[in-house]
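Trainee: quick check, what structure comes out for this input:
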Amino acid sequence: MKRLPIPEDVTGEEIDKDVRQELQSLPKTLADDVAKNLVMVARLIDEDPEGAYGYSRVALRLASRVAAVREAAGFAAYANQKYSEALAEFRAARRMTGNVDLWPVMADCERGLGRPEKALDMAGAPEVHKLDKAGQVEMRLVAAGARRDMDQLDAAIVTLQSPELASSSVQPWTARLRYAYADALLAAGREGEAREWFAKAVEADKDGSTDASDRLAEMDGVEFVDALGDEEGGHEGDEAPLSVSVTDEPAVDDSHDEQAGLDSDTDEDDDTSDEDDVTDEDDATDDATDEDAADVDVTDADVDVDVTDEASADSVDVVDVRDDKD
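Mentor: The predicted structure follows:
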């Protein structure tokens, strides 16, 4: 079996204690080897999905009967858009543990395989009731994404409307939930509301998990351009400062953009300095309407839409683990 190099700083002790406990069923040397490969999966999955996938395959060959290994292999395949393989691994892990935590990502794999109807069926399944709050929000995101896959924009918007969306408190899922709602509103042509919710997403996105700030700037017509470029008079080797231009229209046509004005002052050394002109936008006013307190259960009748029915249905289910599908 071909092994992949493990950096010297990886000991295997970095893995979660629950995973370490699962590995205790293996001989110690083998357990340590598997643990190191799992650490590499976790380390690389965001920046180098292909690399993470390679280490996951090694771990899978070493310990295919360990649920944590099957789960890690599933996420590595998912990160590489190998949805059929990911779904098979997630199902295997679920059979081993009986845990429903993977239900939302399994439904999202169905979306990735071009089966949004199946994802919606899963959104209305009894397993959803067993999910914790974070899992229910993820399920809501998946269901909304499935609605959009089926060109049901209004149903997607209503699916995302929930007590979690209306809440002013910031939770780990808040930024992504607000972002998904803003993106759905924009797709439906409701630009004013979309801008407001992109702004709300920016407020909640402390770790930059979304590109809400970029989307908001794009809607406001803000464009970052090279102020000096190769203009004559610039000092060779100097880095050209950036100029910010702001237009009144949300949509920016690059062919008609004008470079922001630059004031040039000559100092004692005849060096040229440029200052950016930026037009401040009015702060958007939050006018979101608070939803009535409803049970977090995605099938509760107090929520407006059932993800397994049309947008006019009586209850809501679930949201998008993946906003964009290739």
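Trainee: in space, what's closest to E89 - neighbours in sequence excluded?
Mentor: With sequence-adjacent residues excluded and distances taken as C-beta to C-beta, 6 or more residues apart in numbering, E89 is closest to G74, at 3.4 Å. Placement of C-beta: from N, CA and C, glycine included.
Trainee: can you tell me how far that neighbour sits from V222?
Mentor: Distance, G74 to V222, by C-beta to C-beta, to the nearest Å: 40 Å.
Trainee: so which of these two has more stuff around it?
Mentor: Using other C-beta atoms under 10 Å as the criterion, G74 and V222 rank with G74 on top: 27 against 17.
Trainee: can you read off the backbone torsions of that one?
Mentor: Backbone geometry at G74, expressed as degrees, to the nearest 10, gives phi -60, psi -50.
Trainee: ok, now which ones touch it?
Mentor: When contacts are counted by C-beta atoms under 8 Å, 6 or more residues apart in numbering, G74 touches E85, A86, L87, A88, E89, F90, A93, L102, V105.
Trainee: what's the answer for A156, then?
Mentor: Counting by C-beta under 8 Å, 6+ apart, A156 touches A144, G145, R147, R148, A184.
Trainee: take the contacts of G74 and keep only those in helices.
Mentor: If you go by DSSP state H, the contacts of G74 have E85, A86, L87, A88, E89, F90, A93, V105 in helices.
Trainee: now render those as a markdown table, adding neighbour count and distance to K133.
Mentor: Below are these laid out as a markdown table (neighbours: other C-beta atoms under 10 Å; distance: C-beta to C-beta, whole Å):
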| residue | neighbour count | distance to K133 |
| --- | --- | --- |
| E85 | 17 | 29 |
| A86 | 25 | 24 |
| L87 | 22 | 24 |
| A88 | 16 | 28 |
| E89 | 26 | 25 |
| F90 | 24 | 21 |
| A93 | 23 | 22 |
| V105 | 21 | 16 |
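Trainee: what is the nearest of those residues to L23?
Mentor: A93 (14.4 Å; C-beta to C-beta).
Trainee: so the closest one is in contact with S64, correct?
Mentor: No: counting by C-beta atoms under 8 Å, A93 stays clear of S64, with 10.9 Å between them.
Trainee: can you list residues touching both of those two?
Mentor: Common neighbours of A93 and S64 (C-beta under 8 Å, 6+ apart) are R70.
Trainee: quick one, helices of the stretch 101-250 of the chain?
Mentor: With helices called from DSSP state H, counting those that start in this stretch, the stretch 101-250 of the chain shows them at 103-112, 116-123, 133-149, 153-160, 163-166, 174-187, 191-204, 212-219.
Trainee: distance to T29 and mean pLDDT added to those, as CSV?
Mentor: As requested, these are exported to CSV (distance: least, C-beta to C-beta, whole Å; pLDDT from 0 to 100):
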stretch, distance to T29, mean pLDDT
helix 103-112, 32, 98
helix 116-123, 40, 98
helix 133-149, 36, 97
helix 153-160, 49, 98
helix 163-166, 46, 95
helix 174-187, 41, 97
helix 191-204, 45, 97
helix 212-219, 47, 94
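Trainee: kindly reformat these as TSV containing distance to R3.
Mentor: Formatted as TSV, those follow (distance: least, C-beta to C-beta, whole Å):
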stretch	distance to R3
helix 103-112	28
helix 116-123	37
helix 133-149	34
helix 153-160	45
helix 163-166	44
helix 174-187	36
helix 191-204	42
helix 212-219	41
